[in-house]
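**Q** generate a structure from the sequence data that follows.
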Amino acid sequence: MGVPSRNAPHTRQTGPMSERPRTTLLRNGTVHSPADPFATAMVVEGGHIAWVGSEGAADSFADGVDEVVDLQGALVTPAFTDAHVHTTATGLALTGLDLTGAGTLAEALDRVRSHAAARPGDRILLGHGWDAARWPEERPPSRAELDAATGGRPLYLTRADVHSAVVTTALLDLVPTARDLRGFTPDGPLTDAAHHAVRATAHAAVTPAQRTEAQRAALARAASLGIGSVHECAGPQISGEDDLTGLLRLAAEEPGPRVVGYWAEAFTTANDVAKVRELGAAGAAGDLFVDGSLGSHTACLHEPYADLPAAPGGTGTAHLDADAVAAHVAACTEAGVQAGFHAIGDAALTAVVTGVRAAAEKVGLDRVRAARHRIEHAEMLTPEHIAAFAEYALTASVQPAFDAAWGGDEGMYAARLGRERARSLNPYAALLRAGVPLALGSDSPVTPLDPWGTVRAAAFHRTPEHRVSVRAAFTAHTRGGWRAIGRDDAGVLVPGAPADYAVWEAGDLVVQVPDLRVANWSTDPRSGTPGLPELTPGGQLPRCVRTVVDGRTVHDADGRPNG
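**A** Residues are numbered from 1 along each chain as shown. From the prediction side, this is the model:
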């Protein structure tokens, strides 16, 4: 295979200029397509791929298309799908107070102080991303410290996992009932019901204009990274109906990534599920919480946390039991709507598979399998859980960047669970061997939008036996996201597929395998396997030159207008 150049594609118009060219020929590059592993050219007609083939055959199309793009050696791939995103929260982090990069508690407080000074008109200050486990102080900011840093103003500041938050006294004064709810602590992070109460008040302070600005910022960032679709995980405890419907309306009206919405509300009858369609959502899934997160000690475990063995609630928090899971899955299956849950801990995953099994006994195994229900995160899987996922055709919507951020023998997972349990987390190779469908995502803003970084994290999992090939991870981050919404005809560059693709500046194209004990890649073109950019730990990732969704350019690094 050839080596893509560092040059941006060159575009030549051969027909009348229009807002959306009817037919486009891309040539003189490398097209990642199973239809032709040696493809160097592609024709797009309207919103679909019309042809993929060789440079020589492309000559026959050159005079009959509206636009010719000289790729100058660049790589064309399907656009990525990020299967788990919180769009508004991502945009607010991009445009507001983001503590993800803060290295110390003192630095975090300095950022809070600067943000408060820069936003004098905000009724409630919003921020995200602190992680005390990474700070030398090993503790979150106290309420008194935040009161001082904000000058006594209301502040809502989420931990990196968004399952707990620290707040100021002024914000608590706006939600006096929070002090009586489960998850309240006098000076520590809020979790559970107390957290949900203050979050609702904080989000209510975001104006429609601020919300739209944040959503545009998040979608623009996604497009700039070669992401053509995002799965928005909304719900009554996360964002709100107006947030979801506003985002779907924005995505329909303005060029940008496709948005597939999920609404995380539990239902007990098929009639109740009608709300999902009224909202324009694809399913009653996403962050329908069965439990919380490991970082906030709220993921539900069978055995206590290693660093909280004797504490009350030392096994985390259960939000839904197996009976509630069964009722929701049965109601959604009967209504012909996809169901799904957020489940991280092993006890939460046991509740999920037990509930799905009961639903299958009620409505039928074939109907449950056909619905393609999905589970978000699915981190603490046992072999029995994996077998159940395969039996019931459950999609595992997973985030490899979690392992990159918190895995390993010295990471947060090991601190929370002990090294032995931590090494069992995120077993991607075992899931694929069992035939479980995988869809990759970021859970942004929990971890950043970063598709190639996500692929690399799966290929270089901190626990070697859980690693998968770059090709398998790439497929899960492209085609896997489409399959997760019931589309088997997309996420791949073949004739008839949607014209959602990205153009990349990249280095050598290789076929990488996950086992580092053997030759790690092959560049032999006789293998007939399309190559992908070589990924190495800490190495440079491909740069997105252009992103196209439904045949329309939604990002161009050279600043060409959308159309």
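**Q** what ranges do the strands span in the stretch 251-400 of the chain?
**A** Ranges of strands in the stretch 251-400 of the chain, per DSSP state E, counting those that start in this stretch, are 258-263, 283-284, 338-343, 374-377, 395-398.
**Q** the stretch 1-150 of the chain too?
**A** Using DSSP E, counting those that start in this stretch, strands in the stretch 1-150 of the chain cover 10-13, 23-27, 30-31, 41-45, 48-53, 67-70, 75-78, 80-85, 97-98, 125-130.
**Q** and those strands: which comes nearest D291?
**A** Comparing the strands of the stretch 1-150 of the chain by their distance to D291 (Cβ to Cβ), the top pick is strand 80-85, with 15.9 Å. The C-beta positions use only the backbone N, C-alpha and C, and glycine is treated the same way.
**Q** any weak-confidence spans in the protein?
**A** Applying pLDDT under 70 to the chain flags the ranges 1-21, 309-313, 514-528, 559-563.
**Q** as a markdown table, the strands of the stretch 1-150 of the chain with mean neighbour count and distance to A274 would be great.
**A** Shown next, in a markdown table, are these (neighbours: other Cβ atoms under 10 Å; distance: least, Cβ to Cβ, whole Å):
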| stretch | mean neighbour count | distance to A274 |
| --- | --- | --- |
| strand 10-13 | 13 | 46 |
| strand 23-27 | 23 | 41 |
| strand 30-31 | 24 | 43 |
| strand 41-45 | 24 | 37 |
| strand 48-53 | 20 | 32 |
| strand 67-70 | 21 | 43 |
| strand 75-78 | 26 | 33 |
| strand 80-85 | 30 | 25 |
| strand 97-98 | 20 | 38 |
| strand 125-130 | 24 | 33 |
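**Q** in CSV: these, plus distance to P136.
**A** Below are the strands of the stretch 1-150 of the chain laid out as CSV (distance: least, Cβ to Cβ, whole Å):
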stretch, distance to P136
strand 10-13, 50
strand 23-27, 50
strand 30-31, 46
strand 41-45, 51
strand 48-53, 52
strand 67-70, 50
strand 75-78, 41
strand 80-85, 31
strand 97-98, 20
strand 125-130, 14
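**Q** show me the one of the ones you listed that comes nearest R423.
**A** Here strand 80-85 is closest among the strands of the stretch 1-150 of the chain (Cβ to Cβ), at 23.5 Å.
**Q** show me what that closest one is packed against.
**A** Identification of packing neighbours for strand 80-85 by 3 or more Cβ pairs under 8 Å, 6 or more residues apart in numbering; DSSP states H and E yields helix 208-224, strand 227-234, strand 438-440, helix 470-477, helix 479-483.
**Q** buried sites along the first one?
**A** If I follow you right, that is helix 208-224. 210-224 (16 or more other Cβ atoms under 10 Å).
**Q** now the angle from that helix to strand 80-85?
**A** If you take axes from the mean of the first three to the mean of the last three Cα atoms, to 10 degrees, helix 208-224 sits at 140 degrees to strand 80-85.
**Q** from the contact counts, what lies against helix 208-224?
**A** Using 3+ Cβ pairs under 8 Å, 6+ apart: helix 208-224 touches strand 80-85, helix 87-95, helix 241-253, strand 543-549, strand 552-556.
**Q** pull the residues that contact the first one.
**A** It stands for strand 80-85. Residues outside strand 80-85 that contact it (Cβ atoms under 8 Å, 6 or more residues apart in numbering) are 218, 222, 225-233, 286, 376, 397, 399, 439-444, 449, 451, 477-478, 480-482, 484, 491, 502.
**Q** list the contacts for the closest residue in space to I344 that isn't next to it in sequence?
**A** With sequence-adjacent residues excluded and distances taken as Cβ to Cβ, 6 or more residues apart in numbering, I344 is closest to A299, at 4.1 Å. A299 makes contact with D291, G292, S293, G316, I344, G345, A348, E379, M380, according to Cβ under 8 Å, 6+ apart.
**Q** which ChimeraX command selects the buried ones in those residues?
**A** Buried residues within the contacts of A299, by 16+ other Cβ under 10 Å, are selected in ChimeraX with:
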select :291,292,293,316,344,345,348,379,380
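**Q** okay if I get the contacts of A299 as JSON lines plus distance to A282?
**A** Below are the contacts of A299 laid out as JSON lines (distance: Cβ to Cβ, whole Å):
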{"residue": "D291", "distance to A282": "23"}
{"residue": "G292", "distance to A282": "24"}
{"residue": "S293", "distance to A282": "24"}
{"residue": "G316", "distance to A282": "29"}
{"residue": "I344", "distance to A282": "22"}
{"residue": "G345", "distance to A282": "26"}
{"residue": "A348", "distance to A282": "23"}
{"residue": "E379", "distance to A282": "23"}
{"residue": "M380", "distance to A282": "26"}
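**Q** ok, so of the contacts of A299, who is nearest R22?
**A** When those are ranked by distance to R22 (Cβ to Cβ), E379 comes first, at 46.2 Å.
**Q** which ones are touching that closest one?
**A** When contacts are counted by Cβ under 8 Å, 6+ apart, E379 touches L294, A299, I344, G345, V398, F402, L425, N426.
**Q** go again with 7 Å.
**A** I344, F402, L425, N426 (Cβ atoms under 7 Å, 6 or more residues apart in numbering).
**Q** ok, it to Y413 distance?
**A** Look at E379 and Y413: by Cβ to Cβ, to the nearest Å, they are 8 Å apart.
**Q** which residues are in contact with each of these two?
**A** In contact with both E379 and Y413: L425, using Cβ under 7 Å, 6+ apart.
**Q** picking that back up, could the strands of the stretch 251-400 of the chain go into CSV alongside mean neighbour count?
**A** Output for the strands of the stretch 251-400 of the chain, formatted as CSV (neighbours: other Cβ atoms under 10 Å):
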stretch, mean neighbour count
strand 258-263, 25
strand 283-284, 28
strand 338-343, 29
strand 374-377, 28
strand 395-398, 28
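**Q** redo those strands as JSON lines? Include distance to F460.
**A** Below are the strands of the stretch 251-400 of the chain laid out as JSON lines (distance: least, Cβ to Cβ, whole Å):
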{"stretch": "strand 258-263", "distance to F460": "28"}
{"stretch": "strand 283-284", "distance to F460": "32"}
{"stretch": "strand 338-343", "distance to F460": "25"}
{"stretch": "strand 374-377", "distance to F460": "20"}
{"stretch": "strand 395-398", "distance to F460": "15"}
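**Q** pull out the buried positions in stretch 453-469.
**A** 453-463, 466-469.
**Q** ignore what I typed, I meant stretch 356-363.
**A** V356, R357, A358, A359, A360, V363.
**Q** name the nearest residue to G240, ignoring sequence neighbours.
**A** That would be H203: by Cβ to Cβ, 6+ apart, it lies 6.5 Å from G240.
**Q** would you say the one you found is within a helix?
**A** Yes - looking at H203 with DSSP: H, G, I helix; E, B strand; the rest coil, it is inside a helix.
**Q** what about it, distance to T529?
**A** 46 Å.
**Q** of those two, which one has the most company?
**A** H203 (20 against 14; other Cβ atoms under 10 Å).
**Q** name the element L172 belongs to?
**A** For L172, the host element (DSSP states H and E) is helix 169-174.
**Q** dump that helix to CSV, keeping only the CA atoms.
**A** Output of helix 169-174 as CSV, limited to C-alpha atoms (Å, rounded to 0.1, in the frame of the first residue of the first chain):
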residue,chain,number,x,y,z
THR,A,169,-22.9,26.5,49.7
ALA,A,170,-24.7,29.0,47.5
LEU,A,171,-25.8,26.2,45.2
LEU,A,172,-27.0,24.1,48.1
ASP,A,173,-29.0,27.0,49.3
LEU,A,174,-30.9,26.9,46.0
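**Q** list the buried residues of that helix.
**A** For helix 169-174, the neighbour count (16+ other Cβ under 10 Å) marks A170, L171, L172, L174 as buried.
**Q** look up phi and psi at the residue found closest to the second one once you drop the neighbours it is linked to in the chain.
**A** Spatial nearest neighbour of L171, excluding adjacent residues (Cβ to Cβ, 6+ apart): P154 at 3.9 Å. Note on P154: backbone dihedrals following degrees, to the nearest 10 are phi -70, psi 130.
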